[in-house]
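Trainee: based on what follows, work out the 3D shape:
(4 chains)
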Protein chains: 2
Amino acid sequence: MPQTSKIIKAPPAAVEESLRKLGANIRTARLRRKLRLEDLAKKVGVSRYVLSDIEKGKPSTAIASYMGALWALGLLEDMKDVASPDNDSEGKILEKARAPKTAGKRKKDLDNDF
Amino acid sequence: MPQTSKIIKAPPAAVEESLRKLGANIRTARLRRKLRLEDLAKKVGVSRYVLSDIEKGKPSTAIASYMGALWALGLLEDMKDVASPDNDSEGKILEKARAPKTAGKRKKDLDNDF
DNA sequence: CTTATATGTTGGTTAAAGCCAACATATTAG
DNA sequence: CTAATATGTTGGCTTTAACCAACATATAAG
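Mentor: This is a model prediction of the structure:
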């Protein structure tokens, strides 16, 4: 993704770690199934180089390639509850009742925090 | 990602569905927090266009951008168990005992199945 | 140990992801 | 209803992701 964004060039440590772990997990799953990079790559529909990148947790790789790997390994359902509104306790608290379709007008600047 | 791969051009229905859902969840979480696309995009470190793509579940968008959105929303930990070897019952069964570093030599062709 | 094969690495090519500006439309809040 | 603002859409530009070939290295299995 050209004109590379900050998040890709220098991801927060937590994101980097999360990707590294995801990649490692995919690799473990592949080896357990005795599949070569090339085998799984073919199932996924990418080159073996891309799959290798995934197993390293490369940030700039398309999410579909990652999801495709999970899918080909039969692990896609693990994504089911990610960011699920039902489990978003923080969000549930903040929610006002009605579900707005936009974030509404700005009052001042809300928070420049982090 | 240039020379676009099959998985990105035409993802399996399950992958497409998974991405759509993830994007929708991210959008819900953003709105609950009363953040504009621009607000969250800034925190993530991408343009508002990319964040918009994410909320639509665009397959070709970099995984770091998706993970960055989860991170900025405080939802990154939801990724923790994805493809975790501990939960990979299929893999556990297949595993022989030792953890090989490669998939080993090919015997014949294993399985061209799906 | 040897051999077959899996994986890593490099360099070059090409097509598209992410950026932005400008404008259109939708939605909110008064 | 109206004004303010959030989000959608378009087209053009730049950078680089994914591809491949060729070779190097690591690992597995006899």
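
Trainee: contacts and neighbour counts: CA atoms only from here.
Mentor: OK.

Trainee: what residues does chain A put near DNA strand D?
Mentor: By the rule Cα under 7 Å from any atom of the strand, the part of chain A lying against DNA strand D is A:1-4, A:45-50, A:60-62, A:65, A:101-106.

Trainee: now do 6 Å
Mentor: A:1-4, A:46-47, A:49-50, A:60-62, A:102-106 (Cα under 6 Å from any atom of the strand).

Trainee: chain B next: which of those residues are close?
Mentor: A:1, A:46, A:60-62, A:102-104 (Cα under 8 Å from any Cα of the partner chain).

Trainee: and those residues, which two are the farthest apart?
Mentor: Using Cα to Cα, the two most remote members of these are A:Val46 and A:Gly104, lying 41.2 Å apart.

Trainee: most neighbours, which of the residues of chain A next to DNA strand D?
Mentor: When neighbours are taken as other Cα atoms under 10 Å in any protein chain shown, the top entry among the residues of chain A next to DNA strand D is A:Ala62 (27 neighbours).

Trainee: give the contact list for it.
Mentor: Each residue near A:Ala62 by Cα atoms under 8 Å, 6 or more residues apart in numbering or on different chains is listed here: B:1, B:8, B:59-63.

Trainee: for it, grab phi and psi.
Mentor: phi -60, psi 140 (degrees, to the nearest 10).

Trainee: is stretch A:16-25 in proximity to DNA strand C?
Mentor: No - using Cα under 6 Å from any atom of the strand, stretch A:16-25 never reaches DNA strand C; the gap is at least 10.6 Å.

Trainee: among the contacts of A:Ala62, which are located in helices?
Mentor: Among the contacts of A:Ala62, the ones falling in helices (DSSP state H) are B:8, B:63.

Trainee: now the strands: where do they sit in chain A?
Mentor: With strands called from DSSP state E, chain A shows none.

Trainee: hmm, who's touching the longest helix along it?
Mentor: Under DSSP H, the helix in chain A containing the largest number of residues is helix A:13-32. Contact partners of helix A:13-32, identified using Cα under 8 Å, 6+ apart, comprise A:36-37, A:40, A:54-59, A:69-70, A:73, B:64, B:67-68, B:71, B:76, B:79-80, B:82-85, B:88, B:91-92, B:94-96, B:99-103.

Trainee: from those, keep the buried residues only.
Mentor: The neighbour count (16 or more other Cα atoms under 10 Å in any protein chain shown) marks A:36-37, A:40, A:54-59, A:69-70, A:73, B:64, B:67-68, B:71, B:76, B:79, B:82-85, B:88, B:91, B:95, B:103 as buried among these.
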